[in-house]
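Chemist: what would the 3D arrangement of this be:
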Amino acid sequence: MDFDTFLPVLFWLLMGVSMLAYVALDGYDLGVGMLLPRAHDDAERDEMVSSIGPFWDANETWLVLGVGLLLIAFPKAHGVILQALYIPVALMLLGLILRGVAFDFRVKARAQQKPLWNAAFFAGSLLASLAQGWMLGRYVTGLAEGPMALAFAAGVAIAVPAAYVLLGACWLILKTDGALQERAVRWAKIAWPGLVLALALVSIATPLVSPTVAGRWFTLPNLLALLPVPLMAGMALVALRGLLNSHRIRGPQARLAWLPLVLAVSVLVLGAFGLAYSLYPYVLLDRLTVWEVASAPSSLKIILVGTAISLPAIAGYTVFVYRVFGGKTSGITYG
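Modeler: Numbering: from 1, shown residues only. Sure, this is the predicted structure:
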């Protein structure tokens, strides 16, 4: 494969990495937003919002990068995909805007208005999560129509918020202590079975709605080669559930408070690997390959220069922010 032929594949990989980074990073702060109504009082809600305050804007940058790469590297696919998903994309953007407005306004709101902005923050988080799940479900089936494909998309629309809630609870275990941390452990225990059930149903349904995916996963020797992926994901989920009973994740000096979040993210990474294997070389399953819809090689080379600058800059800034604002969350300071 020469360089011009490899370029579309490279951009396909970069787009996938960007979307995975968005799901892993923005997923936990969407999860925290959905957990907001379960907080004991306003002080806990302030601490929850404070825990994501320095990060949530930077997290969403990965979504912009992923969609931007789709637009400029695969313009034909961009038009087909976004035209089919126009309504859920609009709902997702509405949810993200609602979150952003609520985040800023709840800090300065009077006491009697604060519940309204808390509700808006929760609603925006839930709406964005459901829309992302629906879009993922529709995308995995190649935008297929019919009751089975739509039912599958609805199942994924439920699975994604469940995953985000678990990520959000694990994030709060890492960033808080005391009563809120104990509450986060309980939330993670409640979210865990829902996520496991949702993942199991999606894993069973995916080959049923997509013969291509079924052929890639359930034929020899592929089945034996790929078996470690679901096994490792299952082991990570079991280890996560066991860790939630451990005293080593509790308290300000807990040495393993970071591990639940790492295990939860590892499940997403393994899922993303399985999805990438199922889809390659399609940008849209069974319809559009990376070479059919890619921009001209000369254009991709110019785009690659910009990507080589912007991607490390975004990654470097993300690492910098997480290093600067590491450790436990202290009182809310936004406004």
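Chemist: for Phe152, give me the pLDDT.
Modeler: Model confidence at Phe152, expressed as pLDDT, equals 88.
Chemist: my reading is that Gly327 lies in a helix. Confirm?
Modeler: No: counting by DSSP: H, G, I helix; E, B strand; the rest coil, Gly327 is not found in a helix; it is coil.
Chemist: just give me the neighbour total for it.
Modeler: For Gly327, the count of nearby residues is 9 (other C-beta atoms under 10 Å). Where C-beta positions appear, they are placed from N, C-alpha and C, glycine not excepted.
Chemist: now do Leu63
Modeler: 19.
Chemist: equivalent analysis for Pro312, please.
Modeler: Neighbours of Pro312 under the rule other C-beta under 10 Å: 10.
Chemist: how about the secondary structure of it?
Modeler: Classification of Pro312 using three-state DSSP returns helix.
Chemist: Gly326 versus that one, what's the distance?
Modeler: For Pro312, the distance to Gly326 (C-beta to C-beta, to the nearest Å) stands at 21 Å.
Chemist: one more: His247?
Modeler: For His247, the distance to Gly326 under the criterion C-beta to C-beta works out to 22 Å.
Chemist: go on, Leu69?
Modeler: If you go by C-beta to C-beta, the gap between Leu69 and Gly326 works out to 29 Å.
Chemist: more neighbours: which of these two?
Modeler: Neighbours per residue (other C-beta under 10 Å) separate Leu69 from Gly326, with Leu69 holding more: 23 against 9.
Chemist: you'd agree that one is in a helix?
Modeler: Yes: following the definition three-state DSSP, Leu69 is counted among the residues of a helix.
Chemist: hmm, Gly16 and it touching each other?
Modeler: No: the pair Leu69 and Gly16 does not pass the contact test of C-beta atoms under 8 Å, sitting 9.4 Å apart.
Chemist: so who does Arg216 touch?
Modeler: Asn222, Tyr277, Ser278 (C-beta atoms under 8 Å, 6 or more residues apart in numbering).
Chemist: can you pick the most crowded of the residues you listed?
Modeler: Using other C-beta under 10 Å as the neighbour criterion, Ser278 leads the contacts of Arg216 with 20 neighbours.
Chemist: nearest spatial neighbour of it, skipping sequence neighbours?
Modeler: Taking C-beta to C-beta, 6 or more residues apart in numbering as the measure, Ser278 lies nearest to Val213, with 4.6 Å between them; neighbours along the chain are not counted.
Chemist: and the gap between Leu172 and Ala128?
Modeler: As judged by C-beta to C-beta, Leu172 and Ala128 stand 19 Å apart.
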